[in-house]
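Chemist: coords please:
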Amino acid sequence: MVSGRQPHRLTVLAGPTAVGKGAVSTYLRDHHPEIWISVSATTRAARPGEVDGVHYWFVDDDRFDQLAESGDLLEWAVVHGGARYGTPRRPLEQALADGRAALLEIDLQGARQVRQAMPNAFFVFLKPPSWEELVRRLVGRGTESDAQRARRLQTAAAELAAEPEFDVSVVNTEVPVAAEELVRLIRQG
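Modeler: A predicted model of the protein is given here:
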């Protein structure tokens, strides 16, 4: 806590594809274990180095359908024209009930759904230092085909336009700097 105020209990981190949301979340997971970080469910295949239950819950379409239909997802969306992603509701509710600061790292569609469900959450937009840097990061990952990259860049342009919907923006020039700024914002309440 800072200045006697309560920290933001639920913070939603969103931004365009390839901006580094996952890298910022990983940094927080490694350096700030006091902040609970949601693990999203997804129907996409794991990328090299990703671990089920740590980076994402990798589920098939049938299991995702079950989670969505039963109300076990706070939000969910089809992202980049293919895979579905969603936030499991129960772990988040438990973290908040335990009084922990919680972070959801999600896409813009999900952030909009959370705003409807939990309007008192704190919404942080993670943005790149420039469009050119965003393109460089996406191409540099080497995890998408040319067609997937083109679709992601088109999506990113639309996502960047949503910045005014958020409470505050953080520029991701360097992951540790952006992550520590996010922690500062969470703690200031």
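Chemist: center of this structure - which residue?
Modeler: The residue lying closest to the centre of the chain (Cα atoms, centre = their mean) is Glu105, at 1.8 Å.
Chemist: confidence score at that one?
Modeler: For Glu105, the pLDDT comes out at 93.
Chemist: Also Asp52?
Modeler: So, for Asp52, pLDDT stands at 96.
Chemist: if I pick Ala157, what's in contact with it?
Modeler: By Cβ atoms under 8 Å, 6 or more residues apart in numbering, Ala157 lies in contact with Pro16. All C-beta atoms are positioned from the backbone trio N, CA, C, and that covers glycine.
Chemist: ok, and for the helix or strand encompassing it, which residues are buried?
Modeler: Per DSSP states H and E: Ala157 is located in helix 146-160. When burial is assessed from 16 or more other Cβ atoms under 10 Å, helix 146-160 yields the following buried residues: 149, 151-153, 155-156, 159-160.
Chemist: Also stretch 63-75?
Modeler: So, applying 16+ other Cβ under 10 Å, buried residues of stretch 63-75: 64, 67, 73-75.
Chemist: What is the nearest of the residues you listed to Thr42?
Modeler: Among these, Phe64 lies closest to Thr42 (Cβ to Cβ), at 8.0 Å.
Chemist: Which residue lies closest in space to Val175, excluding its sequence neighbours?
Modeler: With sequence-adjacent residues excluded and distances taken as Cβ to Cβ, 6 or more residues apart in numbering, Val175 is closest to Ala23, at 4.7 Å.
Chemist: follow-up on the earlier one: what residues are up against the residue nearest to the centre of the chain?
Modeler: 13-14, 21-22, 24-25, 37-38, 40.
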